[in-house]
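S.K.: Coordinates for the following, if possible.
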Amino acid sequence: FTIKAREAVAAAVEHARQTQAPELYPEHLLIALLKQEDGVVPALVQRVGARPPELVAKLEEALRGKPRVRGSTSLGESPALRQALEGAIEEARTMGDEYVSAEHVALALVDADGTRGVFKAAGIDRQRLLEALQAVRGNTRVQSQDPESQYEALKKYTRDLTDLAKRGKLDPVIGRDEEVRRVMQVLQRRTKNNPV
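M.R.: All right, here's what the predicted structure looks like:
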């Protein structure tokens, strides 16, 4: 499992303890994934047109209907969660990834008992989530424990000048002939005072 996936499982366990759940349910894990800061799952959910806070609210509501336990008992995983985690491992294998990451878990949770209805109500199905994942991830494979840092690297470290120009956020170049000519002159020099 990747770092983000393990963090999500740990956060899910903590959430289950706080809500006094007898078992760790798929809902706990999905809540943890949706609440991850700069995690890939909230970005995927937003890309398909849903809002993570609304999904979290629906999941919290679903958990309120589940039984609660008082006292400190050992927290086991529910059969639905075990099946979802096995599905996540299978997703990683199918995609040719070396590690199980947060997006594999999210894909497995789309069809898991307890979370399936929330995804369906939000209009999210497996195919739409896969398309969003392809857009975010591109052709990169999960070959390290921190693959999320490689997703959308271009957007993270650069500015889309074409998009900024379309939105009118760039200063105009019109009427700056002398400045443009001077920049071109400096850049054309082979050695003397060439900043490149």
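
S.K.: Identify the residue nearest E7 in space, chain neighbours excluded?
M.R.: Q36 (6.9 Å; C-beta to C-beta, 6 or more residues apart in numbering). Bear in mind the C-beta positions are built from the backbone N, C-alpha and C, glycine included.

S.K.: Next, T94: secondary structure please.
M.R.: helix (DSSP: H, G, I helix; E, B strand; the rest coil).

S.K.: neighbours around it, how many?
M.R.: 10 (other C-beta atoms under 10 Å).

S.K.: Ok, Y99 next?
M.R.: Neighbours around Y99, by other C-beta under 10 Å: 17.

S.K.: Would you mind measuring the gap between the ends of stretch 158-176?
M.R.: This stretch, stretch 158-176, spans 25 Å end to end (C-alpha to C-alpha, to the nearest Å).

S.K.: Next one: E131, what pLDDT does it get?
M.R.: The model reports E131 with a pLDDT of 84.

S.K.: That one belongs to a helix, doesn't it?
M.R.: Yes. E131 forms part of a helix when assessed by three-state DSSP.

S.K.: residues in contact with the closest residue to it other than its chain neighbours?
M.R.: Using C-beta to C-beta, 6+ apart and skipping residues adjacent in sequence, the residue nearest E131 is V48, 7.9 Å away. Each residue near V48 by C-beta atoms under 8 Å, 6 or more residues apart in numbering is listed here: G123, I124, R128, L129, E131, A132.

S.K.: how about the nearest residue to V69 once chain neighbours are set aside, phi and psi?
M.R.: Spatially, and ignoring its direct neighbours in sequence, V69 is nearest to P22 (4.4 Å; C-beta to C-beta, 6+ apart). P22 has phi and psi values of phi -70, psi -30 when expressed as degrees, to the nearest 10.

S.K.: And the one 4 residues further on, by the same measure?
M.R.: The phi and psi values for P26, taken as degrees, to the nearest 10, are phi -60, psi -30.

S.K.: now it: how far from A108?
M.R.: Remark: distance between P26 and A108 (C-beta to C-beta, to the nearest Å) = 9 Å.

S.K.: Please apply the same query to G168.
M.R.: According to C-beta to C-beta, G168 and A108 sit 43 Å apart.

S.K.: Please tell me I have it right and V45 contacts P53.
M.R.: No. At 10.1 Å, V45 and P53 do not qualify as touching, with contact defined as C-beta atoms under 8 Å.

S.K.: So between those two, which is more surrounded?
M.R.: Comparing V45 with P53 by other C-beta under 10 Å, the one with more neighbours is V45, at 23 against 11.
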